[in-house]
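Give me the fold of what follows.
(one chain, ligands or ions: 2)
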Amino acid sequence: MEEIEKSTEELLKEKLFYKKKNAFTSDEENYKELVRAYAEGYKTFLDRSKTEREAVVEAIRMAKENGFVEYKLGEKITRGGKYYFNNRGKSLYLFVAGTEPLENGIRICASHIDSPRLDMKQHPLYESEKMAYLKTHYYGGIRKYQWVTIPLALHGVVTKADGETVNVVIGEDEGDPVFCITDLLPHLAQDQSTKPLSKAFSGEGLNLLIGSEPFGECDEAIKLNMLKILNEKYGIIEADFMSAELVAVPAMRARDLGLDRSFVAGYGHDDRVCSYPAITAILENKNSEHTIMCVLADKEEIGSEGVSGMQCDLIIDLMEEICKCLGGNFNVVKANSMCLSADVNAGYDPLYSEVFEKRNSALMNCGVVMSKYTGARGKSSTSDASAEYVGKIRKIFDDNGVIWQTAELGKVDVGGGGTVAMYIANHNIDTVDIGVPVLSMHAPMEVIAKNDLYEAHKAFSAFCK
Ligand code: MN
Ligand code: MN
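Ligands and ions are numbered 1, 2, ... in the order given. Presented below is the predicted three-dimensional model:
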């Protein structure tokens, strides 16, 4: 074929213009097969990890399979060792002690494993007009109308009076019953339909329907029957709800979406779609030079507070322990450490184009998203990574063939959001947000593209390498 000579303008454009890369045009060998195979593992992880506690159990299982051993504060850490620190069953730290001097810094990938959901109150159970309900208190930023009339499963733990903690999962097996929150029929919704969305559904109205059969003919016979069933299965009594963490989550499993199966639909992509690649990146890293750490944090959706959240001193305590064992000035180690805050961003949705600024939005299938800053309004509540640090990460990604893009979360004045980035950056550790674009974020069923998931794995692997 005759080669057409490129004009000077075209050559100059090639040199000077930025062009977003579509992952479907990747020249990596067997790209499609790699992407699909990786997504299969992810779907399994998603199905097994609907709560932060379940994600911790699953991540520990994966870590043990890859030679990681449990570490407890104060124990010895040796070079080349692979450890996991289980924080109260609700957050997890995986780390590998590298072979190079620790003062070169630790490479940290921090994601979160909690997702928006409906928590049960401490006194949840009541009956009304021949039906039994559990009262809920929503956790994280939900749009209430999305949580009615969908099948919900009950997950969590109950600690009994004698101190024993039992695990509860109802609604996940094919033969299991499910639960739901009912909604008004359109015939009688004239009034409700005229209300703004923020007013049409109340938090106090999100009560879970759990049964209707009475036990005997006493007062509150239905409530009694519900307790009888729970007691037979889990040995719990009504007072035990006070020392429980029971949550309602969508009962669906993660599934391929689309004729071409290019998407995954599921509950809790935010932020397990970043947690899973952060885990696989550290597990697959062999003979690490750098000391690397993967953090799976809890409580991000409600502000990262508390003993299992990213604002807890635990990350610093662990880094200090590593310092004590491997040697190195702690302040120097912190200053030279680097962190990727692995969290999702909003995928550009053409159905809601009015809230996005297209040039600075994350397009689906265009790779992992880097967000130099998150926050709201005039960049409030964000750590805003430096040009130099963004440049460093940019080079790591480019050198390793990672397909990536940059984005903000929607238009400047429309809203905003934050991640754990600032809480890590506050410790004098350079941090930038890297994650997967998500459609319908925080909905019971969120959507991600398999290509972007795979690029996240490549990105975190390159960072650890
Ligand atoms: Mn998130
Ligand atoms: Mn979120």
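
For the stretch 151-300 of the chain, just list every one of the helices.
With DSSP state H, counting those that start in this stretch as the criterion, the stretch 151-300 of the chain has helices at 190-193, 197-200, 221-234, 269-284.

residues of the second one that come out buried?
I take that to be helix 197-200. Using 16 or more other Cβ atoms under 10 Å as the test for burial, helix 197-200 gives Ala200. Just so you know, the C-beta spots here come from the backbone N, C-alpha and C atoms, and that holds for glycine as well.

now stretch 224-234
Neighbour count says stretch 224-234 has 224-227, 230 buried, by 16+ other Cβ under 10 Å.

and which of those residues is nearest to ligand 1?
Leu230 (32.3 Å; Cβ to the ion).

isn't the closest one right next to Phe241, touching?
No - Leu230 is beyond contact range of Phe241, at 9.4 Å (criterion: Cβ atoms under 8 Å).

Now find how far off-centre the longest helix anywhere in the chain is within its chain.
Determined from DSSP state H, the single longest helix within the chain is helix 31-48. Its chain's C-alpha centre and that of helix 31-48 lie 16 Å apart, by Cα atoms, centre = their mean, to the nearest Å.

circling back: now narrow the buried residues of stretch 224-234 to whatever sits close to ligand 1.
Near ligand 1, taking Cβ under 5 Å from the ion as the test, no member of the buried residues of stretch 224-234 is found.

so can I have a markdown table of those residues showing distance to His112 and pLDDT?
Formatted as a markdown table, these follow (distance: Cβ to Cβ, whole Å; pLDDT from 0 to 100):
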| residue | distance to His112 | pLDDT |
| --- | --- | --- |
| Leu224 | 39 | 98 |
| Asn225 | 38 | 98 |
| Met226 | 33 | 98 |
| Leu227 | 34 | 98 |
| Leu230 | 30 | 98 |
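
Dump the residues you listed to JSON lines, plus distance to Cys325.
Shown next, in JSON lines, are the buried residues of stretch 224-234 (distance: Cβ to Cβ, whole Å):
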{"residue": "Leu224", "distance to Cys325": "56"}
{"residue": "Asn225", "distance to Cys325": "56"}
{"residue": "Met226", "distance to Cys325": "51"}
{"residue": "Leu227", "distance to Cys325": "50"}
{"residue": "Leu230", "distance to Cys325": "46"}
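
Closest to Leu16 out of the residues you listed?
Proximity of these to Leu16 (Cβ to Cβ) peaks at Leu230, which lies at 66.5 Å.

can you tell me which residues contact the closest one?
Residues near Leu230 by Cβ atoms under 8 Å, 6 or more residues apart in numbering: Ile236.

do you know how far Ala23 is from Met364?
9 Å (Cβ to Cβ, to the nearest Å).

Name the residues contacting each of these two.
Taking Cβ under 8 Å, 6+ apart as the contact rule, Ala23 and Met364 both touch 449, 452.

Just give the closest residue to the closest residue to ligand 1 within the stretch 301-450 of the chain, not the sequence neighbours.
Residue nearest to ligand 1 within the stretch 301-450 of the chain (Cβ to the ion): Asp343, separated by 4.2 Å. Closest residue in space to Asp343, ignoring its immediate chain neighbours: Thr419 at 4.1 Å, by Cβ to Cβ, 6 or more residues apart in numbering.

okay but that neighbour is in contact with Ser341, surely?
Yes - assessed by Cβ under 8 Å, Thr419 is found in contact with Ser341 at 5.0 Å.

Quickly list what's touching both of the two.
Contacts common to Thr419 and Ser341, judged by Cβ under 8 Å, 6+ apart, are Asp433.

Domains in the protein, by residue range?
8-115+267-464, 117-250 (automatic domain parsing).

Deepest in the core, which of those is it.
Sort the domains of the chain by mean neighbour count, taking mean count of other Cβ atoms under 10 Å, and domain 8-115+267-464 sits at the top with a mean of 20.

Name the SS class of the residue nearest to Asn400 when sequence neighbours are not counted, please.
Take Asn400 and drop its neighbours on the chain: the residue closest to it by Cβ to Cβ, 6+ apart is Ala462, 3.6 Å away. Following DSSP: H, G, I helix; E, B strand; the rest coil, Ala462 is assigned to helix.
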